[in-house]
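S.K.: below is the sequence, then the predicted model.
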Amino acid sequence: MTPSQIEHLTIVDHPLVQHKLTLMREKETSTASFRQLLREISLLLAYEVTRNLPMTEKVIETPLCEMRAPAIEGKKLALISILRAGNGLLDGILELIPAARVGFVGLYRDEETLQPVQYYFKVPDALESRLSIVVDPMLATGNSSAAAIDLIKQAGARDIRFLCLLAAPEGVARMHAAHPDVPIVTAALDERLNEKGYIVPGLGDAGDRMFGTK
């Protein structure tokens, strides 16, 4: 099954992704199971978000002969987590790409204005020469994600992709308006946001469900 393309949005509709997402949506799923499922689904989503990495060739020796073999070109990519929930996706992707450089953007959402407030920012050097994959499970209003990418671009990043578990139409529109050059990869595009800015039907607060907090 191939991913669905909607303008700059890719929805990964692989059966394993969709099945694991359904388990994560269920309110009775335990914290431990939610965390494990997020790690598993992040590996599958990472496969898609890295599909078009630039490639080159290098000469290697197999046990039988010398050959020119494909290899990823350029500097090691950067994985940038929007704290705190982004770390759930980050852990799984690092299993697939252990040599990646890692950065963090600390933002929290003001519950009254729904606007992002920054409290931490540390990213790898030479972002202008790296592919940067920004991860956050939920693309809800899109305000925090757009603000994080503003900061990452100010740090020099030019080639950026955004990876999330769930997206709302409002968040996709906000991101596209702010950063039309940043493609989005997600497991599902849900119906809408509620009056509190949560994705519906969604899965609740990803950070709370991941860490067992409220």
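M.R.: Cool, got the structure. Since the structure is predicted, the reported quantities are computational estimates derived from the model, not experimental observations.
S.K.: quick one: contacts for residue 205?
M.R.: The contact partners of residue 205, taken as CB atoms under 8 Å, 6 or more residues apart in numbering, are residue 198. (Glycine included, C-beta is placed from N, CA and C.)
S.K.: do the same with residue 194
M.R.: If a contact means CB under 8 Å, 6+ apart, then residue 194 has residue 200 as its contacts.
S.K.: next one: the one 10 residues further on
M.R.: Residues counted as contacts of residue 204 (CB under 8 Å, 6+ apart) are 27, 198.
S.K.: average pLDDT for stretch 166-175?
M.R.: The predicted model gives stretch 166-175 an average pLDDT of 95.
S.K.: okay, now the sheet partners of the longest strand along the chain, with direction.
M.R.: Ranked by number of residues, the top strand in the chain under DSSP state E is strand 101-109. On the basis of DSSP bridges, the sheet neighbours of strand 101-109 come out as strand 78-83 (parallel), strand 116-122 (antiparallel).
S.K.: would you turn these into a markdown table with mean pLDDT, mean neighbour count and distance to residue 156?
M.R.: As requested, those are exported to a markdown table (pLDDT from 0 to 100; neighbours: other CB atoms under 10 Å; distance: least, CB to CB, whole Å):
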| stretch | mean pLDDT | mean neighbour count | distance to residue 156 |
| --- | --- | --- | --- |
| strand 78-83 | 94 | 25 | 10 |
| strand 116-122 | 89 | 14 | 13 |
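S.K.: redo those as CSV? Include distance to residue 38.
M.R.: As requested, the strands paired with strand 101-109 are arranged in CSV below (distance: least, CB to CB, whole Å):
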stretch, distance to residue 38
strand 78-83, 13
strand 116-122, 21
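S.K.: right, and those - which one's nearest residue 40?
M.R.: When these are compared by CB to CB, strand 78-83 sits nearest residue 40, at 17.2 Å.
S.K.: pull the CA atoms of the helix or strand that comes right after the closest one into CSV?
M.R.: Sequence-wise, the next helix or strand beyond strand 78-83 is helix 86-96, with elements assigned using DSSP states H and E. Coordinates of the C-alpha atoms in helix 86-96 are reproduced here as CSV (Å, rounded to 0.1, in the frame of the first residue of the first chain):
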residue,chain,number,x,y,z
GLY,A,86,8.4,14.6,20.5
ASN,A,87,10.8,12.4,22.5
GLY,A,88,8.5,9.4,22.0
LEU,A,89,8.9,9.5,18.3
LEU,A,90,12.6,10.4,18.6
ASP,A,91,13.5,7.2,20.5
GLY,A,92,12.1,5.0,17.9
ILE,A,93,13.7,6.8,15.0
LEU,A,94,17.1,6.7,16.7
GLU,A,95,16.9,2.9,16.6
LEU,A,96,16.7,3.2,12.8
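S.K.: I am finished for the moment; much appreciated.
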